[in-house]
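Enquirer: sequence unknown, structure follows:
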């Protein structure tokens, strides 16, 4: 037998901490990013500039979490001068294995299918790929070979942002020499999945598939191949691309202009620029850059004369109008002590909290206010509250909190049930836990027993002709914790049991 004297519930207060001004997250070397409380420039793995090394070939990844917002002060600071609170963003850096956009072969003597210089760098201007083509065989490529890298930025769960609030900052998205460089940015939805897709398909039209007359297998280069208007295939919304193919001059198909960068295709897109509705939730984005060898060669797998590198940079991102910070947890509990019911609750933080009203009910349905306690307004400091109820009723007493904002917004807590019956030590409920049936044995008689779930809802009611022993059918109950509420002359006695 187990009597219930204390039952605690947790209330999720639907308020948030926020900063109201634009917040710039800077990926440059002085951008104030902190990894586990340490500035990024002081972290050993990153202080050597290189973040991900593609020497081992294949797809290489590295993941780091950063603290960029100090939510321990009000208002929260961004960017913060020092670490504070919890990590706010997670970044996954990925160097992809070189592939041929037209289904042909990558250059066979390219070491480790990526080269020792195929990596991602942390530079003074931000995060940039590094893949020097044509230098010491480290970056040798043939026409159609594509090298890509990506940076996935995921906001922590406590940051709530929408498409009109998130802007990604990029620079120098263009082409250079006999290569074509382009970028896609795909925003992430509420489930942290991409809203849409962006697939790199190649600079040239591949009219007849692998083994045909696409670049790399042409018998000669007297006729310039057809250039696509857009090398990326995009599906869905939430995708932005920088892919101006007109920046490479191939008037002479045997000799595309070398060592000449096309005009910049810079932009700082928001989620709305990528086709999302302003109120669509954004939980992060994927920044991906691809560099394709577009020089003309008559045999696939033969080294071209391309010598170039990535020029695109991810400088950072910003919240234009601020973003919401953590939803705070409030604890509410009570216990019966001698001649009073002691109730207490605490908050981890508050936003515009005017006051709490403590409400009580004797039937679980009709509540009245018994106390009003002033709130702390807006604070990130924990707050504790308590009240002693001496006007309780013998038996079941139901309590809940009513939280009122300064703008008169209202939130209710769950209900807690406190039993104040003092003379029920001999009541037995068995078997406990139970499967299909429950036996209740009392030292007094009753004509009604209810089964109540942990939210205070009556799920079953049994009536009798004044019995001292009752058999209750529990076969249809969902597994979980319940109470038997036994009507006695002195009030209601409540005993907890578990349905398996």
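Expert: Thanks, I have it. None of these values were measured; they are calculated from a predicted model.

Enquirer: where's residue 146 relative to residue 243, distance?
Expert: The gap separating residue 146 from residue 243 is 13 Å, by CB to CB, to the nearest Å. All C-beta atoms are positioned from the backbone trio N, CA, C, and that covers glycine.

Enquirer: Now for these two: what residues contact both?
Expert: Common neighbours of residue 146 and residue 243, using CB atoms under 8 Å, 6 or more residues apart in numbering, do not exist here.

Enquirer: can you pull out the strands in the stretch 351-500 of the chain?
Expert: Ranges of strands within the stretch 351-500 of the chain are 368-379, 383-389, 396-405, 410-412, 416-419, 428-430, 437-453, 458-473, 480-488, 491-499, based on DSSP state E, counting those that start in this stretch.

Enquirer: Deepest-packed of these, please.
Expert: strand 416-419 (a mean of 24; mean count of other CB atoms under 10 Å).

Enquirer: what's that one packed up against?
Expert: Applying 3 or more CB pairs under 8 Å, 6 or more residues apart in numbering; DSSP states H and E, one finds that strand 416-419 makes contact with strand 324-337, strand 396-405, strand 491-499.

Enquirer: lowest-confidence stretch among these?
Expert: If the helices and strands packed on strand 416-419 are sorted by mean pLDDT, strand 324-337 sits at the bottom with a mean of 64.

Enquirer: immediately after that strand, which helix or strand?
Expert: Counting by DSSP states H and E, the next helix or strand C-terminal to strand 324-337 is strand 340-347.

Enquirer: in that following strand, what counts as buried?
Expert: 341-343, 345, 347 (16 or more other CB atoms under 10 Å).

Enquirer: Please apply the same query to stretch 353-365.
Expert: 353-354, 356-362, 364.

Enquirer: any idea which of these is closest to residue 102?
Expert: Using CB to CB, residue 353 comes nearest to residue 102 of the buried residues of stretch 353-365, at 62.1 Å.

Enquirer: what's around residue 193, how many residues?
Expert: 9 (other CB atoms under 10 Å).

Enquirer: List the contacts of it.
Expert: Residue 193 touches nothing, counting by CB under 8 Å, 6+ apart.

Enquirer: Equivalent analysis for residue 436, please.
Expert: 473-475 are the contacts of residue 436 under CB under 8 Å, 6+ apart.

Enquirer: and which of those residues is nearest residue 160?
Expert: Residue 160 lies nearest to residue 474 out of the contacts of residue 436, by CB to CB, at 41.6 Å.

Enquirer: Phi first, then psi, for the closest one.
Expert: phi -120, psi 10 (degrees, to the nearest 10).

Enquirer: That one: how many residues sit nearby?
Expert: 19.

Enquirer: Also the one 3 residues further on?
Expert: Counted with other CB under 10 Å, the neighbours of residue 477 add up to 20.

Enquirer: lowest average confidence, helix or strand, in the chain?
Expert: Taking mean pLDDT, DSSP states H and E as the measure, the chain has strand 9-18 as its least confident helix or strand, at a mean of 32.

Enquirer: hang on, residue 304 is in a strand, isn't it?
Expert: No - assigned with DSSP: H, G, I helix; E, B strand; the rest coil, residue 304 falls outside any strand and is coil.

Enquirer: Number of residues surrounding it?
Expert: Residues near residue 304, counting by other CB under 10 Å, number 23.

Enquirer: Over to the one 5 residues further on?
Expert: For residue 309, the count of nearby residues is 19 (other CB under 10 Å).

Enquirer: my guess is it is in a helix, correct?
Expert: No - using three-state DSSP, the assignment for residue 309 is coil, not a helix.

Enquirer: Correct me if wrong: it contacts residue 130.
Expert: Yes - between residue 309 and residue 130 a contact is recorded at 6.6 Å, counting by CB atoms under 8 Å.

Enquirer: where in the stretch 201-350 of the chain is pLDDT low?
Expert: Applying pLDDT under 70 to the stretch 201-350 of the chain flags the ranges 207-224, 250-265, 297-299, 305-308, 321-330, 348.

Enquirer: quick one on the thing from earlier: just give me the closest of the buried residues of stretch 353-365 to residue 409.
Expert: Using CB to CB, the buried residues of stretch 353-365 come closest to residue 409 at residue 354, 9.1 Å.
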